[in-house]
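Visitor: Kindly return the folded structure for what I paste below:
(one chain, ligands or ions: 1)
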Amino acid sequence: TIQQVIKNFELIHEDFTFKLEVYGENLDNPLVQISENHLEQILIIILDNAVKYSDQIHKIDISLEEENGMVKITVRDYGVGIPDEDLSKIFHRFYRVDKARSRARGGNGLGLSIAKQLVEGYSGEIYASSTLGKGTSITFTLPLIENR
Ligand code: ATP
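Guide: Now for the predicted structure:
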């Protein structure tokens, strides 16, 4: 599913490079506890933002790691970044950092709140880290299904 979503983004955004890196042996074809549709939606929201809030560097890194029975998916961009004081609020409904800047890029401030609801509905977590002017990482976790 992740590869398919990335492939679609590569087709739509030809000027961007998307790199998927998988860390850990158990993650060759990990089975996570989520509907394919919902996983797609979460990825689209996060990747869409990564593209939208990139500036000069059109590079997006996606990584998969395993941690305590969870799969950890991180989408990293090298874009405009988010000020520290706004980091915790970006998952709130209708919250947008720097209204003027954000409006120029379109959007309602709903994407990440929807992603958060979906992830938490599957007992996962979602969080952000960012450096203003350097880029942003959005990470979410989902429970792995063991013993398949
Ligand atoms: P939409 O409703 O279309 O998703 P949006 O992008 O404004 O619009 P969210 O996805 O909820 O809404 O994001 C909230 C705010 O967080 C954005 O307005 C933007 O300011 C900030 N943001 C989100 N992702 C990034 C990112 N990768 N880099 C920089 N800022 C980001």
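Visitor: By mean pLDDT, point me to the weakest helix or strand of the chain.
Guide: The weakest-scoring helix or strand in the chain, judged by mean pLDDT, DSSP states H and E, is helix 99-104 (a mean of 60).
Visitor: Can you classify the residue nearest the centre of the chain as helix, strand or coil?
Guide: By CA atoms, centre = their mean, the chain has its centre lying nearest to residue 46, at 3.5 Å. At residue 46 the chain is in helix, as set by DSSP: H, G, I helix; E, B strand; the rest coil.
Visitor: quick one: contacts for it?
Guide: Residues in contact with residue 46, defined by CB atoms under 8 Å, 6 or more residues apart in numbering, are 75, 112, 115, 138, 140. For every residue, glycine as well, the C-beta is placed using N, CA and C.
Visitor: Looks to me like the last one is in a helix.
Guide: To tie it back to what came earlier, the one meant is residue 140. No. Counting by three-state DSSP, residue 140 is not part of a helix but strand.
Visitor: burial measure for it, as a count.
Guide: When counting by other CB atoms under 10 Å, one arrives at 25 neighbours for residue 140.
Visitor: still on that earlier bit, tell me the two of the contacts of residue 46 that are most distant?
Guide: Pairwise distances among the contacts of residue 46 were taken by CB to CB; the largest, 11.6 Å, belongs to 75 and 112.
Visitor: which residues of the chain fall in strands?
Guide: For the chain, strands defined by DSSP state E occupy the ranges 17-22, 59-67, 70-77, 126-131, 135-143.
Visitor: restrict the contacts of residue 46 to contacts with the ligand.
Guide: The residues of these that also fall near the ligand, by CB under 6 Å from any ligand atom, are residue 112.
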